[in-house]
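Novice: Quick one, fold the following:
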Amino acid sequence: MALAACARATPPADPAPAGGIAPDEASGLYRPDQIIAILEASGIEYAIVSDFAVSRQEVPNLMSRPSKQTGPMDPFVEVKRRPDGRPHLESSRPTPELEALFEAGTAAFEARDYQAARALYVKAIELEPGYFKAYTYLGNSLYQLGDYRRAEVAFAKALSINPVDYQALLFLGDTYYQLGEYGRSKAMLTRAFMLNRENAAVLERLQAVLAKLALRVRDLRLQPPVKIQRVAHERVEIRFDKDRGLRWLALAACMACWAYEDECRARSPVDEDPLRLQMHRECLINQAASIAVRRAHEEELEVSESLLLDAIEDGYLEAIIFWEIIASHAPVVILLLPEAVQEDILEYIERYVFVSTQVV
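Specialist: Residues are numbered from 1 along each chain as shown. Predicted coordinates for the structure are as follows:
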């Protein structure tokens, strides 16, 4: 099936300006109909293929990219500033003297001798009072001893030194959970989830406190049943789930344009935009426009479509790009974001990722 036959799935728009296809002057973005026109005029054949075998998947995997690009997050990572003010990540591992105390503390912890572990971490703090991880480990020892309020103080101190210490956030969330302060627990664990969404322990603890509040993590928020692959030099197949996939044509066509058409990707070279933010903005905005047209025609929308449209209309486009797309494969990027963007992501998670357990 050719793209032109499916063009009705994209919102109608004014004809392209004379002399060719030009993106919007203010945003630099192409409309969905312009993307289709670029693909139709290409020397590459773009074919729509219905395929029952296409399953839902995260956006970075739509074009057969490798799955995860990173391993577990470094628990010693901190955000540092270069002389020009730009942030970068640095692993602040303990000095050899502190490392010896930490190893002894770990051994005591594993032997469940939490008093001994506590004493070792107190000694570490006396040795280097500005090192955040000593407070994190001291707090965990106090937590195991049931001394939750002193544990809270220790974790808060760790976070005052290093706000992206996801372990301190995780343990502080556990502390509030044990104290029955589920709202405060959720706040800490949500922030840990925002910083390190791929960590199984963080998700497990978060799900436990959400259950106490009659909430859960919503599944399948942005996972289209689409696959884009180049099967020959001059043929690209855009495969959709036969029943539901064509709804995502605007997104898929836009991603194919950026992948294979110089006219698309030349607007934002990789060396200037390594995270492909402009591509993600254009593709998500086009998809939202397509959804809006179908909503205006009173077509039934999938939950994931309604969520995407509502979230973009509410101003969470950047939060979706960074957290739902980029962080799914490179969570450390979140650590480098300005605080205002992190706060937007937290708001997005609260409004669109968490859902009442009463909602099916």
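Novice: For the residue most central in space within the chain, which non-adjacent residue is spatially closest?
Specialist: Centroid-nearest residue in the chain: residue 323, 2.2 Å away (criterion: CA atoms, centre = their mean). Excluding the flanking residues, the one nearest residue 323 by CB to CB, 6 or more residues apart in numbering is residue 345, at 4.8 Å. Any C-beta I mention is one placed from the backbone N, CA and C, and that applies to glycine too.
Novice: burial of that neighbour, as a residue count?
Specialist: Residue 345 sits with 26 neighbouring residues when counted by other CB atoms under 10 Å.
Novice: close enough to count as contact, it and residue 319?
Specialist: Yes: using CB atoms under 8 Å, residue 345 is in contact with residue 319, at 4.5 Å.
Novice: what's near enough to touch residue 295?
Specialist: Counting by CB atoms under 8 Å, 6 or more residues apart in numbering, residue 295 touches 301, 306, 309.
Novice: so can I have a markdown table of those residues showing pLDDT, distance to residue 186 and secondary structure?
Specialist: Shown next, in a markdown table, are the contacts of residue 295 (pLDDT from 0 to 100; distance: CB to CB, whole Å; DSSP: H, G, I helix; E, B strand; the rest coil):
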| residue | pLDDT | distance to residue 186 | secondary structure |
| --- | --- | --- | --- |
| 301 | 91 | 29 | coil |
| 306 | 93 | 24 | helix |
| 309 | 96 | 26 | helix |
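Novice: which of these count as buried?
Specialist: 301, 309 (16 or more other CB atoms under 10 Å).
Novice: Rebuild the contacts of residue 295 as CSV, extending it with distance to residue 49.
Specialist: Shown next, in CSV, are these (distance: CB to CB, whole Å):
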residue, distance to residue 49
301, 24
306, 27
309, 26
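Novice: Tell me the one among the contacts of residue 295 nearest to residue 151.
Specialist: residue 306 (41.6 Å; CB to CB).
Novice: Can you give me the distance of the closest one to residue 34?
Specialist: Shown here: residue 306 relative to residue 34, a distance of 25 Å by CB to CB, to the nearest Å.
Novice: low-scoring stretches of the stretch 151-300 of the chain, by residue?
Specialist: Within the stretch 151-300 of the chain, the segments meeting pLDDT under 70 span 245.
Novice: now the stretch 1-150 of the chain, which segments are flagged as low pLDDT?
Specialist: Residues of the stretch 1-150 of the chain that meet the criterion pLDDT under 70 lie in 1-20, 64-70.
Novice: what about the spatially closest residue to residue 251 that is not a sequence neighbour, distance to residue 32?
Specialist: Ranked by CB to CB, 6+ apart and with sequence neighbours excluded, the top spatial neighbour of residue 251 is residue 287, at 4.0 Å. Distance from residue 287 to residue 32, counting by CB to CB: 8 Å.
Novice: any shared contact partners between these two?
Specialist: Common contacts of residue 287 and residue 32 (CB under 8 Å, 6+ apart): 250, 254.
Novice: on that earlier part again, now the helix or strand the residue nearest to residue 251 falls within, how far from the centre of its chain.
Specialist: If you go by DSSP states H and E, residue 287 is part of helix 277-296. The chain centre lies 18 Å from the centre of helix 277-296; the measure is CA atoms, centre = their mean, to the nearest Å.
Novice: can you give me the helices for the stretch 51-200 of the chain?
Specialist: 96-110, 114-127, 132-144, 148-161, 166-178, 182-195, 200-212 (DSSP state H, counting those that start in this stretch).
Novice: The stretch 201-350 of the chain too?
Specialist: Using DSSP H, counting those that start in this stretch, helices in the stretch 201-350 of the chain cover 249-260, 262-265, 277-296, 303-313, 317-319, 332-335, 339-348.
Novice: Out of these, indicate the one that is most buried.
Specialist: Neighbour counts (mean count of other CB atoms under 10 Å) averaged over each of those peak at helix 249-260, with a mean of 25.
Novice: how close does residue 132 get to residue 154?
Specialist: Residue 132 is 10 Å from residue 154, by CB to CB.
Novice: What of residue 323?
Specialist: From residue 323 to residue 154 the distance is 29 Å (CB to CB).
Novice: and what of residue 138?
Specialist: In terms of CB to CB, residue 138 sits 5 Å off from residue 154.
Novice: just residue 229 next, same as before
Specialist: On the measure of CB to CB, residue 229 and residue 154 end up 51 Å apart.
Novice: And for residue 42?
Specialist: 60 Å.
Novice: Also residue 332?
Specialist: 25 Å.
Novice: cool, residue 346 as well?
Specialist: 24 Å.
Novice: Give me the secondary structure label for the nearest residue to residue 39 once chain neighbours are set aside.
Specialist: Once flanking residues are discounted, residue 39 sits nearest to residue 46: 4.7 Å by CB to CB, 6+ apart. What DSSP: H, G, I helix; E, B strand; the rest coil gives for residue 46 is strand.
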